[in-house]
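[1] starting from these lines, generate the structure:
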Amino acid sequence: MLSIVVVDKSASARNQLVAQLHRYLQSGSSELDLLPRISVKPLSLQELRFHEAPDICVVGSELIINELTEVGKIRAQLPHTPLVAQIVEQVSGIATIEQLARMGVTDTIGRDTSAQEFFRKLVLLAQKSEAKRSSKLIVIDSGKGGVGVTSLVASLGEK
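    Down below sits the predicted model:
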């Protein structure tokens, strides 16, 4: 399941953005069958701290217009999660986009973004987030007691 978190300043702004994402998901597009199940969850800035890192975080336009510096704080909380900013006409200038990019925003969507375009962005961003989740698995089959097996296994697990 692909988890998308929507963060914005007010609950009504979060709900509008969630409704926009749900319209994309209910568009009846044949390409939707190729995507994994998608979970969309609205969170406030305070709630974001108490939840696990999502696959993609969408930052709403109200937050960008009123409190642009909060985007940097979101990036600090979610260092490996792609951030997508919702852009409206007030903040669509190149200077604002450059500032968002410096704060860690990966991509942008607008209110006029089509479902097809959103799905394309979703596929690309999900691939980037999956690549960062690789790790090593170390399995110890057996070991005889008294030869330091516990110390060896504990030191392997620390890193």
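[2] so what's the residue count around residue 115?
    Residue 115 is flanked by 18 other residues according to other C-beta atoms under 10 Å. All C-beta atoms are positioned from the backbone trio N, CA, C, and that covers glycine.
[3] per-residue confidence for it?
    pLDDT recorded at residue 115 is 84.
[4] how much space separates it from residue 33?
    Computed as C-beta to C-beta, to the nearest Å, the residue 115 to residue 33 distance reads 13 Å.
[5] next: residue 12.
    32 Å.
[6] which residues sit in contact with residue 109?
    58, 84-87, 117-118, 121 (C-beta atoms under 8 Å, 6 or more residues apart in numbering).
[7] now the buried members of those residues.
    The neighbour-count test (16 or more other C-beta atoms under 10 Å) applied to the contacts of residue 109 identifies 58, 84-87, 118, 121 as buried.
[8] distance of residue 82 from residue 30?
    Counting by C-beta to C-beta - residue 82 and residue 30 are separated by 25 Å.
[9] ok, those two, which is more surrounded?
    Ranked by neighbour count (other C-beta under 10 Å), residue 82 and residue 30 place residue 82 first, with 23 against 6.
[10] residue ranges with poor pLDDT in the chain?
    Within the chain, the ranges that satisfy pLDDT under 70 run 128-136, 157-159.
[11] could you point out the longest helix of it?
    The longest helix of the chain (DSSP state H) is helix 115-131.
[12] buried residues in that helix?
    115, 118-119, 121-122, 125-126, 129.
[13] out of these, who's nearest residue 103?
    For these, the closest approach to residue 103 (C-beta to C-beta) belongs to residue 125, at 16.7 Å.
[14] so for this structure, the centremost residue is which one?
    residue 56 (1.9 Å; C-alpha atoms, centre = their mean).
[15] tell me the buried residues in the strand or helix carrying residue 46?
    Here residue 46 sits within helix 45-48, counting by DSSP states H and E. Residues of helix 45-48 classed as buried by neighbour count (16+ other C-beta under 10 Å): 45, 48.
[16] what helices or strands is the following helix or strand past that helix leaning on?
    Later in the chain than helix 45-48, the nearest helix or strand by DSSP H and E is strand 56-59. Judged by 3 or more C-beta pairs under 8 Å, 6 or more residues apart in numbering; DSSP states H and E, the packing partners of strand 56-59 are strand 2-7, helix 70-77, strand 83-87, helix 115-131.
[17] pairing partners for strand 56-59, with directions?
    Strand 56-59 has the following strand partners under DSSP bridges: strand 2-7 (parallel), strand 83-87 (parallel).
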